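Participant: Need a 3D model of the following:
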Amino acid sequence: MIPKKRNMQSGAKAIVECMKRESVSHVFCVPGESYLPVLDAIHDEESITLISARHEGGASFMAEGFAKASGKPGVVMATRGVGGSNLTIGVHTAYQDSTPMVVFLGQVHRDFRGREGFQEIDLDQYFNHIAKWTVEIQDAKRVPELVQRAFRIAQTGRPGPVVVSLPEDMLVEEAEMTFGKPVKKPSPRPSAKEIEEIESLLHQAERPLIIAGGGVQRSRAELSLWGFATKYEIPVMAAFRRHDVFPNNNEHYVGHLGLSTHANILKTVEKADTILAFGTRLSEVTTQDYSIIKDDHKLIHVDIDYETIGNVYAPDVGVVADLKEGLQALSKINVMNRWSEWRKETRRAYEDATTIDSESLNQNVIASLQKILPEESVLTNDAGNFAGWLHSFYQFRKKNSYVGPTSGAMGYGMPAALGVKLARPERTVVSLSGDGGFMMTMQELETAVRCNIPIISLVFNNRMYGTIRMHQEIHYPTKTIGTDLGNVQFSEIAKGMGVRGFYVRSIEEFEEALTEAMNCGVASVIEIETDPEQISVSSTIQQMRDKHR
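Facilitator: Below you'll find the predicted structure:
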């Protein structure tokens, strides 16, 4: 009998082998000496591309955007306490957005732990409350077990970020490695009793409304949602920053529950008597500070995560299920289609709320994006009031065409667009940012140039932290402090990095710049001079002050 050959590998090589088995194609990082053996193992693995960023926060946003666009876990790496601290913003974003991410962080030598070694932090404890799971690998032979568990936890149930701490001496330690199979995500179905309970509630419903969230997208259930809504004539509303969960130009789509949502759309929720919450955690923003779902609403809540059910509102029927399986089962219930007039009423309310005002430059920019961009384009956005124009007036007509941070993280839009473009190179990718957020991560334009990632970045420059200024004007009118910013020429800085830069003041200049950016084949920045007085979609600063008086 021939003895079985032992599979001896270093801890670092075993980590990369796990990545390969999980079909990881891109890894984002800022390199660090504490995990050099992992970088070396990636160098020797032809199937994995390493993207080295200018800041760990930017790298984490790239990984998060890549994960949303690809449906695969984003992978990001950084060194010890300082690098780990810098990428915390991406971990928090992935946690609130339910995005699968695996974070590998170099850690100090095992013999140095507990002595306040160079850049030492208890990384597994540091990230514990904003990650789905954290672990520090102390023994090289457990690398396959723990890393494969990390990929499994990141992707199953409610997805999220997992942080793996890697003592640097463990990475060069050799051990006999045994690998398991790649992750297969479970797809639970509703029980027969749960289906009967939902059918009974819908028999009684006069004005049902679907609120659809990221769980629909993660289970690739958009078509199933369309089929269910169409069959039963039930209007569909998107949860916060999940615009592309349902085609916005479809007659069943009735709006987006986000920041500064139009009163017409909120009225639809108020009038509804039965809420079908599909794949949404019913967040603070979606529920308008937990205010729009009332005791007299009947609530049917379907989600992959049992901890989400009942966490905010106690449902009349709560179902733990994969949304694709759940919607396919619900599409077979015996309920008469009698909600056509209600659906038409809610659609009219949405259309009235989204009429373009030809005098507004920002609205016309959104209208031009709608007119010029291919429908399959992907849009990302940063945090800020400028996003209100996108959320209110752009119609996402294709699935997987929007990537935005429900965490409200500034600096997200452009780095996330880099991750999206790497995941979907065939698509036009456009990011939207304000000048405040863009300045936080604009160094990643150099990453775009160096790695040949041709995205288009729009920067709405009103020389202020506009959202915070708005809240100042609401609570402390005329007392401006900390929100005025300097006059930065982002288009000129972009040119210095090798990016195509455009500065525009009119819709004609914008359309010309956008067309040129789409055809130039390199990263582009279009800086849009924005009126600081127009502080939000619905108000000017003067109007807010007048209202306060």
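
Participant: Pro100 touches Pro73, doesn't it?
Facilitator: Yes: with contact defined as Cβ atoms under 8 Å, Pro100 reaches Pro73; the gap is 4.0 Å. Where you see a C-beta, it was placed from the backbone N, CA and C, and this is true even at glycine.

Participant: Which neighbours do those two have in common?
Facilitator: Taking Cβ atoms under 8 Å, 6 or more residues apart in numbering as the contact criterion, the residues that touch both Pro100 and Pro73 are 67, 154-155, 159.

Participant: Reformat these as TSV; add secondary structure.
Facilitator: Formatted as TSV, these follow (DSSP: H, G, I helix; E, B strand; the rest coil):
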residue	secondary structure
Ala67	helix
Ala154	helix
Gln155	helix
Pro159	coil
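
Participant: Drop anything exposed from the residues you listed.
Facilitator: Buried members of these, scored by 16 or more other Cβ atoms under 10 Å, are 67, 154-155, 159.

Participant: from those, which is closest to Ala517?
Facilitator: Ala67 (25.8 Å; Cβ to Cβ).

Participant: Tell me which residues touch that closest one, please.
Facilitator: The contact partners of Ala67, by Cβ under 8 Å, 6+ apart, come to 73-74, 94, 99-101, 419.

Participant: okay, these in a markdown table with secondary structure and distance to Val164 next?
Facilitator: Written out in a markdown table, the entries for the contacts of Ala67 read as follows (DSSP: H, G, I helix; E, B strand; the rest coil; distance: Cβ to Cβ, whole Å):
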| residue | secondary structure | distance to Val164 |
| --- | --- | --- |
| Pro73 | coil | 12 |
| Gly74 | strand | 14 |
| Ala94 | helix | 14 |
| Thr99 | coil | 16 |
| Pro100 | coil | 14 |
| Met101 | strand | 11 |
| Gly419 | helix | 20 |
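
Participant: what's the farthest-apart pair in these?
Facilitator: Checked with Cβ to Cβ, these reach their widest spread between Pro100 and Gly419, with 13.0 Å between them.

Participant: For those two, work out which one has more neighbours and name it.
Facilitator: For the pair Pro100 and Gly419, the greater number of neighbours falls to Gly419 (32 against 28), based on other Cβ atoms under 10 Å.

Participant: Tell me who's in contact with the more buried one.
Facilitator: Gly419 touches 26, 28, 61-69, 74, counting by Cβ under 8 Å, 6+ apart.

Participant: Please repeat the previous calculation with a cut-off of 6 Å.
Facilitator: The contact partners of Gly419, by Cβ atoms under 6 Å, 6 or more residues apart in numbering, come to 62, 65-66.

Participant: what do you get for Met237?
Facilitator: Here Met237 is in contact with 211, 254-255, 257 (Cβ under 6 Å, 6+ apart).

Participant: try it again with 10 Å
Facilitator: For Met237, the contacting residues are 209-212, 245-246, 253-257, 261, 265, 268-269, 272, 275, 280, 286, 346, 350, by Cβ atoms under 10 Å, 6 or more residues apart in numbering.

Participant: Confirm that it sits in a strand.
Facilitator: Yes: assigned with three-state DSSP, Met237 falls within a strand.

Participant: switch to numbering from 179
Facilitator: Sure, I'll start counting at 179 from here, so that last one is Met415.

Participant: Dig out what it forms beta bridges with.
Facilitator: The residues listed as beta-bridge partners of Met415 by DSSP bridges are Ile389.

Participant: would you list every one of the helices in the stretch 229-378 of the chain?
Facilitator: 234-248, 258-264, 266-275, 301-304, 321-333, 346-350, 370-382 (DSSP state H, counting those that start in this stretch).

Participant: which one of the ones you listed lies closest to Asp494?
Facilitator: helix 370-382 (6.2 Å).

Participant: So what's the gap between that closest one and the chain middle?
Facilitator: On the basis of Cα atoms, centre = their mean, to the nearest Å, helix 370-382 is displaced by 33 Å from the centre of the chain it belongs to.

Participant: Could you pull up phi and psi at the nearest residue to Lys725 once chain neighbours are set aside?
Facilitator: Spatial nearest neighbour of Lys725, chain neighbours left out: Ser717 (8.0 Å); criterion: Cβ to Cβ, 6 or more residues apart in numbering. Phi and psi for Ser717, reported as degrees, to the nearest 10, are phi -140, psi 150.

Participant: Pull out the buried positions in stretch 568-585.
Facilitator: Residues of stretch 568-585 classed as buried under the neighbour-count rule (16+ other Cβ under 10 Å) are 568-572, 574-585.

Participant: Ends of it, what's the gap?
Facilitator: The distance separating the two terminal residues of stretch 568-585, taken as Cα to Cα, to the nearest Å, comes to 17 Å.

Participant: now stretch 586-597
Facilitator: Taking Cα to Cα, stretch 586-597 runs 18 Å from one end to the other.

Participant: how distant is it from the center of its chain?
Facilitator: For stretch 586-597, the separation from the chain centroid amounts to 9 Å (computed by Cα atoms, centre = their mean).

Participant: Using CSV, write down the CA coordinates of stretch 272-281.
Facilitator: Listed next in CSV are the C-alpha coordinates belonging to stretch 272-281 (Å, rounded to 0.1, in the frame of the first residue of the first chain):
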residue,chain,number,x,y,z
ALA,A,272,-20.3,45.8,5.0
TYR,A,273,-22.0,45.0,8.3
GLN,A,274,-24.8,47.5,7.9
ASP,A,275,-25.2,46.7,4.2
SER,A,276,-25.1,42.9,4.7
THR,A,277,-22.2,42.5,2.3
PRO,A,278,-20.1,39.4,2.3
MET,A,279,-16.5,40.4,3.1
VAL,A,280,-13.4,38.6,4.4
VAL,A,281,-10.8,40.8,6.0
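
Participant: State the mean pLDDT of it.
Facilitator: Mean pLDDT, taken over the full extent of stretch 272-281, equals 97.

Participant: Buried residues of it, list them for me.
Facilitator: Buried positions in stretch 272-281, judged by neighbour count with 16+ other Cβ under 10 Å: 272-281.

Participant: Mind putting these into TSV with distance to Gly615?
Facilitator: Putting the buried residues of stretch 272-281 into TSV (distance: Cβ to Cβ, whole Å) gives the following:
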residue	distance to Gly615
Ala272	18
Tyr273	20
Gln274	17
Asp275	16
Ser276	22
Thr277	19
Pro278	24
Met279	21
Val280	26
Val281	22
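
Participant: Any figure for the gap between the residue nearest to Arg258 when sequence neighbours are not counted and Gln621?
Facilitator: Setting aside the residues directly before and after it, Arg258 is nearest to Gln297 in space (Cβ to Cβ, 6+ apart), at 3.9 Å. Taking Cβ to Cβ, to the nearest Å as the measure, Gln297 and Gln621 are separated by 22 Å.

Participant: Go ahead and confirm Lys510 touches Ala370.
Facilitator: No: Lys510 sits out of contact with Ala370 when judged by Cβ atoms under 10 Å, with a separation of 11.1 Å.

Participant: residues contacting Ser397?
Facilitator: Listed by Cβ under 10 Å, 6+ apart, the contact partners of Ser397 are 249, 363, 365, 403, 456-457, 482, 499-505.
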